[in-house]
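[1] structure for the following, please:
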Amino acid sequence: MVRRTGRRERAGSLRRALALEWTLIGYNVLEAAASILFGVWAGSVALIGFGLDSVIEVGSALLLVWRLRAEQRGLAYEAKERTARRLIGWSFLVLAGYVGWEAAGHLVGGVAPAGSLPGVVLAILSLIVMPILGLAQLRIAGRIGSRALRADAMETLVCAYLSFTLLLGLAMNAWLGWWWADPAAALAMLPLLLHEGWEGVQADE
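    Okay, here's the model as predicted:
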């Protein structure tokens, strides 16, 4: 009876984890499209970088869907999970390289982005949504003992931090006229992007 109850509880946790991942996928698809569109429109490196991070989040969430469904079906998933984590890690390192190059070029060249009120609204929304989803992921990851889900949860919380730096840069550029705040905010994203990337490529080595 205890064993059956444990299986039912784990099955319920897996279903909730899948629901969270699909929610993240839907939100991040919209966030990526809006961020990149508004970023190109305003010439904002920080906003484009934020959108590309959302693309990575979609890829990560899709891999987690695959991993969780594999467990539901009783299939082996450990080796593929490690490979997926490494691929996500490399994508973060590539993103860090792009953001760093573009932000440095804008600072050196004195390229001033236009203001982006939609970008500010998007950053505020993500700053509210992402911590809620990330903490929910962490709770379920603890229940089922999934390192992959915990890593994905940390990526979601990283997105919340990126939302804060993005909001800061966009707001200072829009309301104070500090053009350099946007590329500076993009550069402030680099430590976490590099950390997440390195953690991923070193997975279980």
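
[2] for the helix or strand hosting A46, packing partners?
    If you go by DSSP states H and E, A46 is part of helix 45-72. On a contact count with 3 or more CB pairs under 8 Å, 6 or more residues apart in numbering; DSSP states H and E, helix 45-72 meets helix 2-42, helix 78-109, helix 147-176, helix 181-188. No exception for glycine: its C-beta is placed from N, CA and C like everyone else's.

[3] so which bits of that helix are buried?
    45-61, 63-65, 67-68, 71 (16 or more other CB atoms under 10 Å).

[4] quick one: distance of that helix to the chain centre.
    Centre-to-centre, helix 45-72 and its host chain are 7 Å apart (CA atoms, centre = their mean, to the nearest Å).

[5] Y161: how many residues sit nearby?
    For Y161, the count of nearby residues is 16 (other CB atoms under 10 Å).

[6] okay, now the nearest residue to it once chain neighbours are set aside: neighbour count?
    Nearest residue to Y161 in three dimensions, chain neighbours excluded: L192, at 6.1 Å (CB to CB, 6 or more residues apart in numbering). Number of residues near L192 (other CB under 10 Å) recorded here: 20.

[7] cool, and L168?
    17.

[8] how far away is it from I56?
    21 Å (CB to CB, to the nearest Å).

[9] kindly report the same for A34.
    16 Å.

[10] next one: A188
    In this view, A188 and I56 are 18 Å apart by CB to CB.

[11] same check on L149?
    16 Å.

[12] alpha carbons of stretch 122-135, as CSV, please.
    C-alpha atoms of stretch 122-135 as CSV (Å, rounded to 0.1, in the frame of the first residue of the first chain):
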residue,chain,number,x,y,z
LEU,A,122,7.8,42.7,-20.8
ALA,A,123,10.7,42.8,-18.3
ILE,A,124,8.3,43.6,-15.4
LEU,A,125,6.0,40.8,-16.4
SER,A,126,8.9,38.3,-16.5
LEU,A,127,10.2,39.5,-13.2
ILE,A,128,6.8,38.5,-11.7
VAL,A,129,6.2,35.2,-13.6
MET,A,130,9.6,33.6,-13.6
PRO,A,131,10.3,33.4,-9.9
ILE,A,132,6.9,31.8,-9.3
LEU,A,133,7.5,29.1,-12.0
GLY,A,134,11.2,28.6,-11.0
LEU,A,135,10.4,28.0,-7.3
